[in-house]
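Trainee: fold the stuff below for me.
(one chain, ligands or ions: 1)
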Amino acid sequence: MLGTLVLFVLIGTGCVTSDVGPQDYMTVEGPVARRADSLWNVTFAIAVIVFVIVQGLLVYAIVKFRHRPGRQAAQFHGNTKVEVVLTLIPALILAGLAIPTVKAIADLSEKPEGALNVTVTAKQFWWQYEYTDHGVMTANEMHVPTGQPVFLTLEGADVIHSFWIPKLTGTQDVIPGRTNHMHFQADEPGEYYGQCKEYCGLSHANMRLRVIAHPPAEFERWVAEQQEEAEDPTDPLAQEGQEIFMQTCTNCHAIAGTDAKATTAPDLTHFASRSTFAGAMFDNNTENLRTWIRDPLAVKPGSLMPDYGLSEDQIDAVVAYLQTLR
Ligand code: CUA
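Mentor: From the prediction side, this is the model:
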């Protein structure tokens, strides 16, 4: 227990880094996450001091006033002075902590100036991102520029989810019939992992996401690419795949520049430009796509993607088509 306590103290005070993975919230990035982290540092330091004092007094009292042969353990009941002091000290500490906490909550709930607007819609079990200023629609992987705040408008399509990118910001519930907001900012280019944090059904754990931060010029290029409509494939296998797609998948999916316009499932206009799919659960490669289309529910329970019973040849064709959607 002492070892654990010492480790917590070292981590809490920043003496050792706890960077154990891509979703480690103890090593944060960006001003929003740093603001919350600094509150935690203060709270934790005070908690450690209180812990040491209280445990020290406890050990002292146990030793000093213990029962000895021929002597009763000391007893006393009711001491108004002690009780007032023991009530006042925690009240003052909590009141003191409330000041920076409430200020941080108020500051972080305001929409930052010059923010990129993204509307996040949580669905079972994936994330839809609409870049309302740019006319771009994508899923699961959110591309953002570094050094610019990103203002999220969060809406739930079915059940309650919760949006969380541990290194960049705290969590925000995504509730059907209600609009929530949050914002974050990435300082450094890179990939930040996140996931749904509210139990939402069978594939709650498979409802992952990524934020990919680019230098601003690179982000502009990404936006320009995403604004393009999909081109018709020239390869015969991909053409066959497009035909199958248009007969089968258009009930749910959209591909800009084609007749596929449904919005129940992820927009696939630039599907091949994504590194993952199905709630950022699988790497976007031929083998995983085949497995997914063959039997989605076998690899992602509760997914709304149906098994259309396509033959292996048809699956190959659809995969070839999807891979042209750069
Ligand atoms: Cu969505 Cu858990």
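Trainee: average pLDDT across stretch 59-67?
Mentor: For stretch 59-67, the mean pLDDT works out to 89.
Trainee: with stretch 247-258 instead?
Mentor: On average, stretch 247-258 scores 95.
Trainee: ends of it, how far apart?
Mentor: The first residue of stretch 247-258 is 12 Å away from its last residue (Cα to Cα, to the nearest Å).
Trainee: got the buried residues for it?
Mentor: Within stretch 247-258, the residues scored as buried using 16 or more other Cβ atoms under 10 Å are T248, C249, C252, H253, A254, I255, A256, T258. All C-beta spots, glycine's among them, are computed from the backbone N, C-alpha and C.
Trainee: what does the stretch 101-250 of the chain have sitting close to the ligand?
Mentor: When proximity is defined as Cβ under 6 Å from any ligand atom, the stretch 101-250 of the chain approaches the ligand at A122, F125, H161, C196, E198, Y199, C200, H204, M207.
Trainee: isn't the fifth one up against D173?
Mentor: Yes - with contact defined as Cβ atoms under 8 Å, E198 reaches D173; the gap is 6.3 Å.
Trainee: so which residue of the chain lies furthest out from the middle?
Mentor: G70 (63.1 Å; Cα atoms, centre = their mean).
Trainee: need the phi and psi values for it.
Mentor: phi 80, psi 10 (degrees, to the nearest 10).
Trainee: just the pLDDT at it, thanks.
Mentor: pLDDT, G70: 83.
Trainee: go on, the one 10 residues further on?
Mentor: pLDDT, T80: 91.
Trainee: spatially, which two of the buried residues of stretch 247-258 are the most separated?
Mentor: Maximum pairwise distance in the buried residues of stretch 247-258, criterion Cβ to Cβ, is 18.5 Å, between T248 and A256.
Trainee: which residues of this structure score low on pLDDT?
Mentor: 1-19 (pLDDT under 70).
Trainee: residue closest to the middle of it?
Mentor: Central residue of the chain (Cα atoms, centre = their mean): W164, at 2.3 Å.
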